[in-house]
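Novice: My questions concern the predicted model and sequence given below.
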Amino acid sequence: MTGPYDNFDALHRPAHAIEPDPEFASALKERLRAELLTGGDMTTTEISARMHALTPYLVVTDARAAIEFYVEVFGASRRAEPIVMPDGKVGHAEVAIGDSVLMMAEEFPEMGNTVAPSGGPLIRVEVSDVDRVIARAGARGVEVDDRGDTGHGRSVSMRDPFGQRWLIAQAPPPSTDGTPGIRHGEAGYFTFQVPDDTAAKAFYGAVLGWQFSPGSVEGGWAVEGNGVQGGLWGGPGRQVGWKLMYAVDDLAAALERVRAHGGTAGEPERQPYGLSADCADDQGIEFWLWEQPANPGA
């Protein structure tokens with residue numbers, strides 16, 4: 001049909017922006033705000049990242065550009081399509097960085113959501129290669145404050161183009177099997193010291209389903225399975241109970257601190273898994289301190 005009233009003539013008419021009804025727009029914004037604050041579900045294709053007890057929610061000047069920046073500089077991945085409000089602003093968006101979720105929205109002054117003019121919170125993010133992040137940020141015109149290694153690992157700070165401040169830290173080196181390195185202060189191994197290893201194996205095997213393989217010392221057994229590595233050690237002459245091995249960045253310095261605070265510390269011994277030393281705290285509770293080799297698991 002090609003007459004003067006052809007329905008397809010409507011396609012040739014110029015497009016005009018339609019201003020939404022103010023009450024509808026206000027109601028939609030309130031619905032979105034309530035949904036976000038009550039933890040409403042969002043479709044996502046990212047399964048490794050998850051919500052933690054504390055999740056940063058940023059207010060940015062340009063959410064679409066911010067997402068591109070975080071993907072390029074931090075290696076983030078998009079979790080879902082952003083929620084766009086009727087006025088074109090991004091009301092909610094998410095990206096995944098490592099195993100964590102980062103949320104963001106653009107400014108909505110009427111809701112009190114504005115970018116801090118200066119200062120503001122500092123968000124710490126761990127990356128596998130700080131120098132690579134510095135190069136990527138620099139390529140986008142961002143200045144980075146690089147103070148080197150201050151004794152707590154390599155870290156730099158920057159303010160991104162969208163008003164957010166970041167502390168970028170070097171992640172601990174992974175072991176050769178791909179698992180993350182044990183951090184300073186974390187327990188890296190446990191020994192469950194018991195008077196009778198045969199009885200303990202029977203009890204904990206039946207109650208907890210533990211399985212055991214022979215260890216390197218008499219009465220010693222490795223506890224098999226996932227989680228913190230550990231063992232069972234039976235026999236007289238040892239403190240009964242759990243004896244933990246804690247990772248430290250500098251064993252010599254840590255041993256000095258043990259002695260300075262009323263504990264006792266033995267001499268460092270070279271082991272296949274690094275340097276370790278027998279210690280006890282100021283109440284007599286025994287533990288080990290352990291300095292990992294430069295390449296854990298090597």
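Specialist: Nice, thanks for sending it over.
Novice: so how far is Arg124 from Asp146?
Specialist: 16 Å (C-beta to C-beta, to the nearest Å). Every C-beta, even on glycine, is put in place using the N, C-alpha and C of the backbone.
Novice: Secondary structure element holding Ala253?
Specialist: helix 251-260 (DSSP states H and E).
Novice: Glu68 now?
Specialist: Assigned by DSSP H and E, Glu68 falls in helix 63-74.
Novice: ok, now Glu218?
Specialist: Using DSSP H and E, no helix or strand contains Glu218.
Novice: now Phe108: how far from His92?
Specialist: Phe108 is 11 Å from His92, by C-beta to C-beta.
Novice: which of these two has more neighbours?
Specialist: His92 (21 against 17; other C-beta atoms under 10 Å).
Novice: Run a quick check on that one versus Pro82, I expect a contact.
Specialist: Yes. Counting by C-beta atoms under 8 Å, His92 does reach Pro82; the two are 6.8 Å apart.
Novice: quick one: the helices in the stretch 151-298 of the chain?
Specialist: According to DSSP state H, counting those that start in this stretch, the stretch 151-298 of the chain carries its helices in the segments 197-208, 251-260.
Novice: Least reliable of those by average pLDDT, please.
Specialist: Of all the helices of the stretch 151-298 of the chain, the minimum mean pLDDT falls on helix 197-208 (a mean of 90).
Novice: So which bits of that helix are buried?
Specialist: Asp197, Ala200, Lys201, Tyr204 (16 or more other C-beta atoms under 10 Å).
Novice: same for that helix, what does it pack against?
Specialist: Judged by 3 or more C-beta pairs under 8 Å, 6 or more residues apart in numbering; DSSP states H and E, helix 197-208 is in contact with strand 211-214, strand 220-224, strand 229-234.
Novice: Next, the angle from that helix to strand 220-224.
Specialist: 10 degrees (axes from the mean of the first three to the mean of the last three C-alpha atoms, to 10 degrees).
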